[in-house]
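> Okay, predicted coordinates and the sequence, questions at the end:
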Amino acid sequence: MVRITIIIVFTTAFPQHQSTSESLPFDLFEAIADLKQELNAVILAHYYQEPDIQDVADHIGDSLGLSRQAAATDADVIVFAGVHFMAETAKILNPHKLVLLPDLNAGCSLADTCPPKEFAAFKAARTDHLVVSYINCTAEIKAMSDIICTSSNAVKIINQIPEEQPIIFAPDRNLGRYVMHQTGRELELWQGSCIVHETFSEKQLVQLKMQYPEAEVIAHPECEAPVLRHASYIGSTSSLLKYCQQSPNQEFIVATEPGIIHQMRKAAPEKRFLPAPSTNYCACNECPHMRLNTLEKLYLAMKNRKPEITMPEETRVAALQPIQRMLEMSV
Ligand code: 13P
Ligand code: SF4
């Protein structure tokens, strides 16, 4: 009897995994590079994007780094491979540029925990407070804020505010608690959180640590306190990347979205990076919003020049001030 084995290889160059009615070019990487030239576009990508997207990006960064890139670019088109609030920030800074988001449904669970109407009431009950909002919020929340911050400058920004000034910190309670601990300041916290960073299990983390006793735990401040207390380093995505490059340690347990591990492995291929385990070992540590973007959608967004980020001009102007304040306060 003759046995015939057929092996089908799926590659990114000929993507099969996404159903789309539009035809796709054979080599998406080349097609995206051509469109980038044609549109005079810049591709900005967050570290939580799938590796292929990170590899076609002109700049990869954390929220602060990407905001700075967006503020400085002279490209005509910004293709934002990240989530909605990030692309929205780019649009707030660049009202006359076309800002594309590969999938308009790429939202943020944390931003969703802070609805504008409820937040307006929370703020109205505390009229003497200054509002510092984490960038992971909608343009409407930004428009109600005095200063925006990110995970990489939150401590620095709070430290610049006079001690007697009461502060509302929104929307992330975990980052807020971490900032309170770092600054010794009392903050009025909005009780929002991120589903991805709250999925890490302290129990499973301790078990993994027993398996890899030499591994250093590094964590994003959006994680809950029981996870953060095991971390020898806490910081934004870009600072976690920098830290593991500089640390003499060879093994790391990474408590944030595992997309960042792509850059960690590229930067230090000799080191071992283990994603921190989620409760029940599900893949819930992958951000379901970030992962809605695919290389195929990125190509189609550039080809069709949509989906585009838009917002009322009044909201944009009101949201611009606190973002500019952040950029000034974090130089
Ligand atoms: P960073 O600014 O640290 O990259 O964080 C963005 C984010 O969404 C974390 O969940
Ligand atoms: Fe939002 Fe969390 Fe995803 Fe970051 S990881 S974009 S905070 S849902």
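Structure received. Ligands and ions are numbered 1, 2, ... in the order given.
> and the residue lying closest to Ser330 once chain neighbours are set aside, how many neighbours does it have?
In this structure, Ser330 finds its nearest non-sequential neighbour in Asn153, 3.9 Å apart by C-beta to C-beta, 6 or more residues apart in numbering. From N, CA and C alone the C-beta is placed, and that goes for glycine too. By the criterion of other C-beta atoms under 10 Å, Asn153 has 22 neighbours.
> Now do the contacts for Asn153.
64, 326, 329-330 (C-beta atoms under 8 Å, 6 or more residues apart in numbering).
> Contact distance from ligand 1 - what residues of the protein qualify?
Contacts of the chain with ligand 1, taken as C-beta under 6 Å from any ligand atom, map to 62-63, 136, 150-151, 194, 220, 222, 236-237.
> does Val131 belong to a helix or a strand, and which?
Assigning secondary structure by DSSP states H and E places Val131 in strand 130-134.
> Neighbouring strands - and their directions - for that strand?
Using DSSP bridges, the strands paired with strand 130-134 are strand 147-149 (parallel), strand 167-170 (parallel).
> Give me the helices and strands touching the following helix or strand past that strand, please.
Next helix or strand after strand 130-134 toward the C-terminus (DSSP H and E): helix 139-143. Judged by 3 or more C-beta pairs under 8 Å, 6 or more residues apart in numbering; DSSP states H and E, helix 139-143 is in contact with helix 84-93, helix 116-124, helix 313-329.
> and with 7 Å instead?
Secondary-structure packing of helix 139-143 (3 or more C-beta pairs under 7 Å, 6 or more residues apart in numbering; DSSP states H and E): helix 116-124, helix 313-329.
> and that helix with ligand 2, contact?
No - residues of helix 139-143 are not located near ligand 2 by C-beta under 6 Å from any ligand atom, the shortest gap being 13.5 Å.
> now do stretch 176-187
No - using C-beta under 6 Å from any ligand atom, stretch 176-187 stays clear of ligand 2, with a minimum separation of 13.5 Å.
> C-alpha coordinates for that stretch, CSV please?
Extracted as CSV, the C-alpha positions of stretch 176-187 are listed here (Å, rounded to 0.1, in the frame of the first residue of the first chain):
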residue,chain,number,x,y,z
GLY,A,176,-3.3,54.3,40.8
ARG,A,177,-2.5,52.1,43.9
TYR,A,178,1.1,51.6,42.6
VAL,A,179,1.5,55.4,42.1
MET,A,180,0.2,56.0,45.6
HIS,A,181,2.8,53.6,46.9
GLN,A,182,5.6,55.2,44.9
THR,A,183,4.8,58.8,45.7
GLY,A,184,3.3,58.5,49.2
ARG,A,185,0.3,60.6,47.9
GLU,A,186,-3.3,59.9,48.6
LEU,A,187,-5.3,59.7,45.3
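> Run the chain-centre distance for that stretch.
Stretch 176-187 sits 22 Å away from the centroid of its parent chain (C-alpha atoms, centre = their mean, to the nearest Å).
> Ok, stretch 163-174 next?
On C-alpha atoms, centre = their mean, the centre of stretch 163-174 falls 21 Å from the chain's centre.
> buried sites along that stretch?
Going by neighbour count (16 or more other C-beta atoms under 10 Å), the buried part of stretch 163-174 is 167-174.
> what do you get for stretch 310-328?
311, 315-316, 318-323, 325-326.
> same deal with stretch 238-250?
Buried, per 16+ other C-beta under 10 Å, within stretch 238-250: 238-241, 243-244, 249.
> just the residues you listed now: which is nearest Val83?
Nearest to Val83 among those is Ser238, at 16.4 Å by C-beta to C-beta.
> sorry, back to before: with pLDDT added, can I get the buried residues of stretch 310-328 in JSON lines?
JSON lines is the format used below for the buried residues of stretch 310-328 (pLDDT from 0 to 100):
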{"residue": "Met311", "pLDDT": "97"}
{"residue": "Thr315", "pLDDT": "98"}
{"residue": "Arg316", "pLDDT": "98"}
{"residue": "Ala318", "pLDDT": "98"}
{"residue": "Ala319", "pLDDT": "98"}
{"residue": "Leu320", "pLDDT": "98"}
{"residue": "Gln321", "pLDDT": "98"}
{"residue": "Pro322", "pLDDT": "98"}
{"residue": "Ile323", "pLDDT": "98"}
{"residue": "Arg325", "pLDDT": "98"}
{"residue": "Met326", "pLDDT": "97"}
